[in-house]
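Trainee: Starting from these lines, generate the structure:
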Amino acid sequence: MICLDNLSPEDLLLLSNTVAISLSKDKDANEINVLGNFLIGIGSLMTLIAAQQQLLLSSKEDNTTP
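Mentor: Sure thing, here's the model as predicted:
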């Protein structure tokens, strides 16, 4: 798998564009809409997980500083 943290913003944009076009190929508008909403749902959950991890880490760091 591609290591996303080594990609420039421009490369990440090109990658996401390529993936979107590839996933949409030979699908009708309804299928693209369902797939897009499914991916948005996954992304939303991932950002929620990341936010909670940051909150817990921040709380832990606050509790360990004198």
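Trainee: quick one: pLDDT of the most centrally placed residue in the chain?
Mentor: By Cα atoms, centre = their mean, the chain has its centre lying nearest to G43, at 4.5 Å. Here the pLDDT value assigned to G43 is 96.
Trainee: got it, and D11?
Mentor: 95.
Trainee: Kindly report the same for P66.
Mentor: 66.
Trainee: Report the buried residues of the top helix by length along the chain.
Mentor: With secondary structure taken from DSSP state H, the chain has its longest helix at helix 29-64. When burial is assessed from 16 or more other Cβ atoms under 10 Å, helix 29-64 yields no buried residues. C-beta coordinates here come from the backbone N, C-alpha and C atoms, glycine included.
Trainee: roughly how far out does that helix sit from the chain middle?
Mentor: Helix 29-64 sits 8 Å away from the centroid of its parent chain (Cα atoms, centre = their mean, to the nearest Å).
Trainee: Kindly report the same for stretch 26-42.
Mentor: 15 Å.
Trainee: Give me the contacts around that stretch.
Mentor: L23, S24 (Cβ atoms under 8 Å, 6 or more residues apart in numbering).
Trainee: how about a cut-off of 10 Å?
Mentor: Outside stretch 26-42, the residues within contact range by Cβ atoms under 10 Å, 6 or more residues apart in numbering are V19, A20, L23, S24, K25.
Trainee: Could you tell me the angle between the helix or strand hosting the first one and helix 29-64?
Mentor: Using DSSP states H and E, V19 falls within helix 9-24. Computed by axes from the mean of the first three to the mean of the last three Cα atoms, to 10 degrees, the angle separating helix 9-24 from helix 29-64 equals 140 degrees.
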